[in-house]
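> pasting the sequence and the predicted coordinates here, then a few questions.
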Amino acid sequence: MNKRELGQSGIMVSEIGLGCMSLPTNQREAQLIVDAAIEHGITYFDTADLYDKGKNEDVVGHALKGKRQDIILASKVGNKWNEDASGWTWDSSKSYITSQIKESLQRLQTDYLDLYQLHGGTMEDDLEEAVDAFESLKKEGLIRAYGISSIRPNVIHRFLRNGKASSVMMQYSMLDRRPEEWFDMIASHSGSVVTRGSLAKGLLTPDALKRAEKSDGYGEYKKEALIETLSQLTQTTQNLHSAALAFVLQYDQVSAILAGASSVNQLVETMQAYHQPMTPEQLAHLKEYLRADIYKDHRL
């Protein structure tokens, strides 16, 4: 497994990371997936206190017990569950961020996080205060680096401008190329991109056309256009799954793809696809069939 630096943090992450949100809540089943990920060279694991009301962090903590020195562990903060667990509210205050790190560390059975991320954000937030919270946690040794998970360019820019964030998590795939416009801006602030949704809900796997038929479209693709595009892609490449991963990783500004897996088979399929080589010429040819959309809202 190749590794890339997370921004300019000095932290090296595997090009494929495990997005832990999809892990089963059953500890034994989750353990099998985590063990398979490690066996296949994945060293980067990402969770959030929001997932399963903190249970996901518990599961991940147990699954990685005894392996902490060999992995890069990331979590997120900002979404505050209501007392009756009926939903959550947003809280990016310093007091909330600095209090929640302790609970996440306890659930994850560790005394530090490699990466702590603001799990959203708006221009109405006091992002300077949030950055101050992360900087304080860094000085205390509770985190090694921090970042943000957002698809709002104006929020991302302000967060990067006011601190030393190492990463920006964004939904990015062959079917959602909106982030490309902002890759250079992120890199200019010493950050790098971590992608989620790079298989577009399974639309960029061998099940592409079956999933498309059952869908109402995807992003800016209406159903008919989606089916047509996926038909062209599947005719152009022998392995759409591999192409989807290689397409994202062709950009130097991208540090890693977070791939979810709810079973060992899904994890293995992703790793087999990752190891299937794609040439720059093949990727350039595939791009001819893809939309090049940009974000319409939340612009700088």
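Looks like it arrived, so ask away.

> now stretch 243-263: average pLDDT?
Here stretch 243-263 scores 97 as its mean pLDDT.

> now do that stretch: distance to the chain's middle.
Averaged C-alpha coordinates place stretch 243-263 at 9 Å from its chain's average position (CA atoms, centre = their mean, to the nearest Å).

> phi, psi of residue 259?
phi -110, psi 130 (degrees, to the nearest 10).

> check which residues of stretch 202-217 are buried.
For stretch 202-217, the neighbour count (16 or more other CB atoms under 10 Å) marks 203, 204, 205, 208, 209, 211, 212, 215 as buried. C-beta: built from backbone N, CA, C; applies to glycine.

> number of nearby residues for the residue nearest to the second one when sequence neighbours are not counted?
Leaving aside its chain neighbours, residue 204 sits nearest to residue 244 (3.6 Å; criterion: CB to CB, 6 or more residues apart in numbering). Under the neighbour criterion other CB atoms under 10 Å, residue 244 is assigned a count of 27.

> wouldn't residue 244 be in contact with residue 197 here?
No - using CB atoms under 8 Å, residue 244 makes no contact with residue 197, being 10.5 Å away.

> what do those two both touch?
residue 173 (CB atoms under 8 Å, 6 or more residues apart in numbering).

> just say helix, strand or coil for the nearest residue to residue 268 once chain neighbours are set aside.
Spatially, and ignoring its direct neighbours in sequence, residue 268 is nearest to residue 36 (6.7 Å; CB to CB, 6+ apart). The three-state label for residue 36, taken from DSSP: H, G, I helix; E, B strand; the rest coil, comes out as helix.

> quick one: residues contacting residue 36.
Neighbouring residues of residue 36 by CB under 8 Å, 6+ apart: 264, 267, 268.

> could you measure from the first one over to residue 37?
So the one you mean is residue 264. Using CB to CB, to the nearest Å, residue 264 is found at 9 Å from residue 37.

> neighbour count winner among these two?
Neighbour totals were compared for residue 264 and residue 37, and residue 37 leads with 27 against 16 (other CB under 10 Å).

> touching, that one and residue 266? I think so.
No - using CB under 8 Å, residue 37 is not in contact with residue 266, being 10.8 Å away.

> what about the closest residue to residue 20 other than its chain neighbours, how many neighbours?
Spatial nearest neighbour of residue 20, excluding adjacent residues (CB to CB, 6+ apart): residue 47 at 4.3 Å. By other CB under 10 Å, the residues close to residue 47 number 27.

> can you tell me the element residue 115 falls in?
Under the criterion of DSSP states H and E, residue 115 resides in strand 113-118.

> which parts of the helix or strand bottoming out on mean pLDDT in the chain are buried?
Among the helices and strands of the chain, strand 79-81 carries the lowest confidence by mean pLDDT, DSSP states H and E, at a mean of 77. By 16+ other CB under 10 Å, the buried positions in strand 79-81 come out as 79, 80.

> need the pLDDT of the nearest residue to residue 7 once chain neighbours are set aside.
For residue 7, ignoring the flanking residues on the chain, the nearest one in space by CB to CB, 6+ apart is residue 166 at 3.3 Å. Looking at residue 166, its pLDDT reads 98.

> and residue 166, how far is that from residue 12?
From residue 166 to residue 12 the distance is 12 Å (CB to CB).

> have a look at those two and say which one is more surrounded.
Set residue 166 next to residue 12 and count neighbours by other CB under 10 Å: residue 166 wins out with 27 against 15.

> measure the more buried one to residue 193 for me?
In terms of CB to CB, residue 166 sits 11 Å off from residue 193.

> and residue 255, by the same measure?
In terms of CB to CB, residue 255 sits 7 Å off from residue 193.

> find residues that contact each of those two.
residue 167.

> isn't residue 46 right next to residue 22, touching?
No - if you go by CB under 8 Å, residue 46 and residue 22 don't touch, sitting 11.1 Å apart.

> these two: who's more crowded?
residue 46 (25 against 17).

> not counting its neighbours along the chain, what's nearest the more buried one?
residue 74 (4.4 Å).

> that neighbour contacts residue 119, doesn't it?
No - applying CB under 8 Å as the test, residue 74 and residue 119 come out as separate, 11.1 Å apart.

> and the residue positioned nearest the centre of the chain, what does it touch?
Nearest to the mean C-alpha position of the chain, by CA atoms, centre = their mean, lies residue 196 at 3.8 Å. By CB under 8 Å, 6+ apart, the residues touching residue 196 are 19, 149, 169, 170, 171, 172, 258.

> hey, what's it bridged with?
Per DSSP bridges, the residues bridged to residue 196 are residue 171.
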